[in-house]
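J.: give the three-dimensional model of this entry:
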Amino acid sequence: MKFISILLKEGRKEDLKKKYAEKFDEETLDWILNIADLKDFNHKYTDFVLKHVHPDYVDGDVEIGIDLIKSFDKYQSQLEKKDINQYSGFEELDNVLVPIHQKQKDRELEKQVDKIYEDDKFLVIKPKTHQASCKYGSNTKWCTTAQSPDHFERYTSGRQGLYYIINKANSTNKDYSKIAIHFDNLGTERYWDSKDSPMSEREIAIFNYAFPEIVDVIKADYNMNVGSMTDKFLAESFDKVGESSADKRNYLNSTYTLSTLVRGFQNIPDLGFGHTEGVLTISLSSDEDNKLIDEYNIFITYKSKDEKTFTASIGFGSTDEVSSDDFVDLGLEGWGIDATYYLGKTPAETAEGVRRHIAHRVLDHIVNNQKLIQMVAGTTKVFRPTYGYKFGKNKGWVKKLVDYLDKGKIGTKLDFLMDIGYIEPVIKDGQKGYKKSKGNHFYKPRDLRGQHSSFFAAAKNAGILGYRKVGKDFFLIKGPNFDAFKKGELKAL
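T.: The predicted model follows:
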């Protein structure tokens, strides 16, 4: 059968070559007969194309003819004349195909709207594309039906909603023949008549009173879809390029300004919805100098929490691209931010709010970093005190900590607290726990996690104390300023 088909095709080609040898030169005829679209039909329609192609306009006419025979073959069953040779030429065939194409286009446009409500008088739709907006918003002056799709996209992005109310009996040339209802990103609704004039509060009140079922179904649809619209809004927010920074001038009473700059964002499609990235740079600058200190990739996982807020988990990864001689690894890889944010009025405003928050949080986190302090002060023997601890003398709790570390003991905070006699292990009802040396209250291990947390945090900030993570435990170790403190050389700024 395949062999017979090939013979039939070649036979048709030879017949057509003979038939049109005088109309076209051999090269042109060979080109036409080898066009893939004509060959795909086994040259069933090639005779019709060659018959009506003008020899002076071969390229254009062949293109027109091929488009027409494709449509004819597709819609042949809907045509009165089902033999293509019954048509006098391209023009007649095109004329009978136009209304079929229009019907097909109308069917496609019907799929590009959500039908919200319909009765014998009114139709309410939500256009999903600019083309559908133009069709259903015809005979209005709405900017969302303009030739350019920019306005339509501006009024339907993020958490916005756009609805057209169409008077089926009289949909042309009247102020209220079509009404548009628009919900902005905050859910505020506005009404527009067919001349694109905002409707007054009185006009809106009358319309709501006269057609409550229409208004109710529109509001219900918007509220039902606002969740998915929030996701769309967030996806747009976290795909907005911009920059936000935070500064601390006269850092450590120097001439330097410590700055954090956040650039981004760009969604990561491979990870699916809710993942985006940006870049963080940290620098020290003055009138005479500008030092790039460190740089990180920012990775964010976000999701909507409710209609007004969303959560984001923010982490940092080294870029390994900083070649500055002033590079200082600030160790942000082990740190992160978990926060809840309010949605802004626009995706751009939302993105700016997140960038600004990250910049300020990072600045607050690194301002007491010992490596930065050393760079500016020229020594590790200084620190910025926190929680009121200046560690001016080696006595009290800090002396107990220094003695513990000096003896080479290895343990967690709880081990240290037991070693100095602050707590002691006990068993109650078969459960292991602790009690303080002065008291009988039973504490579970988790109950003591916050004991003297400000002291330990301040000692770590001063560089007296450090931690080494082993599995899930954090063991106390000597910090970079441990020896300087023992010698009385460590000073609080």
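
J.: so how far is residue 334 from residue 358?
T.: Relative to residue 334, residue 358 is positioned 16 Å away (CB to CB, to the nearest Å). For the C-beta atoms, the positions are set from N, CA and C on the backbone; glycine is no exception.

J.: and those two? Which one has more around it.
T.: residue 358 (24 against 8; other CB atoms under 10 Å).

J.: who's in contact with the more buried one?
T.: 244, 262, 280, 298, 314, 337 (CB atoms under 8 Å, 6 or more residues apart in numbering).

J.: next step: the residues you listed restricted to strands.
T.: Per DSSP state E, strands hold the following members of these: 244, 262, 280, 298, 314, 337.

J.: quick one: buried ones out of those?
T.: 244, 262, 280, 298, 314, 337 (16 or more other CB atoms under 10 Å).

J.: distance of the third one from residue 337?
T.: Distance, residue 280 to residue 337, by CB to CB: 11 Å.

J.: ok, the first one next?
T.: Between residue 244 and residue 337 the distance is 14 Å, computed by CB to CB.

J.: repeat for the fifth one
T.: If you measure residue 314 against residue 337 using CB to CB, the figure is 4 Å.

J.: surely residue 475 touches residue 467?
T.: Yes. Between residue 475 and residue 467 there is a contact under CB atoms under 8 Å: 6.8 Å.

J.: pull the number of nearby residues for residue 297.
T.: Residues near residue 297, counting by other CB under 10 Å, number 16.

J.: kindly state the beta-bridge partners for it.
T.: residue 279, residue 317 (DSSP bridges).

J.: contact partners for it?
T.: Neighbour list for residue 297: 277, 278, 279, 280, 316, 317, 318, 319 [criterion: CB under 8 Å, 6+ apart].

J.: hmm, the last one is touching residue 294, no?
T.: In this case it means residue 319. No. At 9.1 Å, residue 319 does not count as touching residue 294 under the criterion of CB under 8 Å.

J.: who has more neighbours out of the two?
T.: Taking neighbours as other CB under 10 Å, residue 319 and residue 294 compare with residue 294 leading, 25 against 13.

J.: low-confidence ranges in the stretch 101-250 of the chain?
T.: 171-173 (pLDDT under 70).

J.: after the helix or strand where residue 18 lies, next one along is what?
T.: Using DSSP states H and E, the element containing residue 18 is helix 2-19. For helix 2-19, the following helix or strand on the C-terminal side (DSSP H and E) is helix 26-33.

J.: can you tell me the average pLDDT over that next one?
T.: Helix 26-33 shows an average pLDDT of 91 in the prediction.

J.: give me the next element, helix or strand, following it.
T.: Next along from helix 26-33, by DSSP H and E: helix 36-40.

J.: what's in contact with that following helix?
T.: 9, 32, 33, 45, 46, 49, 66, 70.

J.: centroid residue for the protein?
T.: residue 235 (2.8 Å; CA atoms, centre = their mean).

J.: buried set for the host helix or strand of it?
T.: Using DSSP H and E, the element containing residue 235 is helix 212-237. Going by neighbour count (16+ other CB under 10 Å), the buried part of helix 212-237 is 214-215, 218-219, 221-222, 226, 229-237.

J.: and what of stretch 434-447?
T.: Buried residues in stretch 434-447 (16+ other CB under 10 Å): 434, 443.

J.: then stretch 257-268?
T.: Those would be 257, 258, 259, 260, 261, 262, 263, 264, 265, 267, 268, for stretch 257-268 by 16+ other CB under 10 Å.

J.: residue 84: which of the residues you listed is nearest?
T.: Relative to residue 84, the closest of those is residue 267; by CB to CB it sits at 50.0 Å.

J.: got a list of what residue 389 touches?
T.: Neighbouring residues of residue 389 by CB under 8 Å, 6+ apart: 398, 454, 455, 458, 459, 462.

J.: I'd like the next helix or strand past the one helix or strand the fourth one maps to.
T.: Mapping residue 458 onto the secondary structure by DSSP H and E places it in helix 453-461. Under the assignment DSSP H and E, the closest C-terminal helix or strand after helix 453-461 is strand 465-470.

J.: quick one, that following strand and helix 453-461 angle?
T.: 100 degrees (axes from the mean of the first three to the mean of the last three CA atoms, to 10 degrees).

J.: avg pLDDT for strand 465-470?
T.: Rounded mean pLDDT across strand 465-470 is 92.

J.: please identify the buried residues of it?
T.: Neighbour counts over strand 465-470 (16+ other CB under 10 Å) mark 465, 466 as buried.

J.: quick one: distance of it to the chain centre.
T.: Mean-position distance between strand 465-470 and its chain equals 37 Å (CA atoms, centre = their mean, to the nearest Å).

J.: flag every buried residue along the one helix or strand residue 283 maps to.
T.: Assigned by DSSP H and E, residue 283 falls within strand 275-285. Of all the residues in strand 275-285, those buried under the rule 16+ other CB under 10 Å are 276, 277, 278, 279, 280, 281, 282, 283, 284, 285.

J.: which residues touch the fourth one?
T.: So the one you mean is residue 279. Residue 279 touches 262, 263, 264, 295, 296, 297, 298, 319, counting by CB under 8 Å, 6+ apart.

J.: again, but for the first one
T.: The contact partners of residue 276, taken as CB under 8 Å, 6+ apart, are 238, 239, 264, 265, 266, 267, 268, 299, 300, 302.

J.: what's the distance between it and residue 165?
T.: Residue 276 is 37 Å from residue 165, by CB to CB.

J.: do the same with the fifth one
T.: When distance is defined by CB to CB, residue 280 is 48 Å away from residue 165.

J.: before we move on, what about the third one?
T.: As judged by CB to CB, residue 278 and residue 165 stand 42 Å apart.

J.: do the same with residue 479
T.: 69 Å.

J.: ditto for residue 473
T.: Residue 473 is 65 Å from residue 165, by CB to CB.

J.: the more surrounded of these two?
T.: residue 165 (22 against 13).

J.: Provide the partner residues of that one in its beta bridges.
T.: residue 124, residue 179.

J.: one step back: what residues of the helix holding residue 458 count as buried?
T.: In helix 453-461, counting by 16+ other CB under 10 Å, buried: 455, 456, 458, 459, 460, 461.

J.: counting by contacts, list what that helix packs against.
T.: When contacts are defined as 3 or more CB pairs under 8 Å, 6 or more residues apart in numbering; DSSP states H and E, helix 453-461 sits against helix 397-406, strand 465-470.

J.: could you redo the last one with a cut-off of 10 Å?
T.: On a contact count with 3 or more CB pairs under 10 Å, 6 or more residues apart in numbering; DSSP states H and E, helix 453-461 meets helix 370-377, helix 397-406, helix 413-419, strand 465-470, strand 473-478.

J.: the last one to strand 465-470, inter-axis angle?
T.: With the same axes, to 10 degrees as the basis, strand 473-478 and strand 465-470 are set at 140 degrees to each other.

J.: kindly export strand 473-478 (C-alpha atoms) in CSV.
T.: C-alpha atoms of strand 473-478 as CSV (Å, rounded to 0.1, in the frame of the first residue of the first chain):
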residue,chain,number,x,y,z
ASP,A,473,24.4,19.6,70.1
PHE,A,474,26.4,22.8,70.4
PHE,A,475,29.6,22.5,72.4
LEU,A,476,31.3,25.4,74.2
ILE,A,477,34.7,26.4,72.8
LYS,A,478,37.1,29.3,73.3
